[in-house]
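Enquirer: sequence first, predicted model second:
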Amino acid sequence: MSDTLWTARELAEYLRYQESTIRRLASQHPDRLPPRVAGVGRPRWNPETVRRWASMPAPDRPRRGRPRLTPTF
């Protein structure tokens, strides 16, 4: 991976996702991915922004999935 703007393939490799998942999320749920660089045509990501986003603690990142009830005993 280079330190130029990352493609969906490079982002997928870094986040350990499938490339198809990155492409789907980029078009349907962009809030679940790091902010992308605007105005370059295809989705591209700044590596430093991705690294910062990935290092954020989980509570500050958008939550995924459906809410779960905690068991009451």
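Expert: Thanks, I have the structure now. Residues are numbered from 1 along each chain as shown.
Enquirer: how close does the residue nearest the centre of the chain get to Leu5?
Expert: Compute the mean C-alpha point of the chain, and by C-alpha atoms, centre = their mean the closest residue is Leu33, 2.5 Å away. Distance, Leu33 to Leu5, using C-beta to C-beta, to the nearest Å: 14 Å. (C-beta placed from N, C-alpha, C; glycine too.)
Enquirer: then Thr49?
Expert: 10 Å.
Enquirer: quick check: neighbours shared by these two?
Expert: The contact sets of Thr49 and Leu5 do not overlap (C-beta atoms under 8 Å, 6 or more residues apart in numbering).
Enquirer: per-residue confidence for Phe73?
Expert: Phe73 is assigned a predicted lDDT (pLDDT) of 66.
Enquirer: low-scoring stretches of the protein, by residue?
Expert: Flagging of the chain using pLDDT under 70 yields the residue ranges 1-3, 58-64, 72-73.
Enquirer: tell me where it has helices.
Expert: 8-15, 19-28, 47-55 (DSSP state H).
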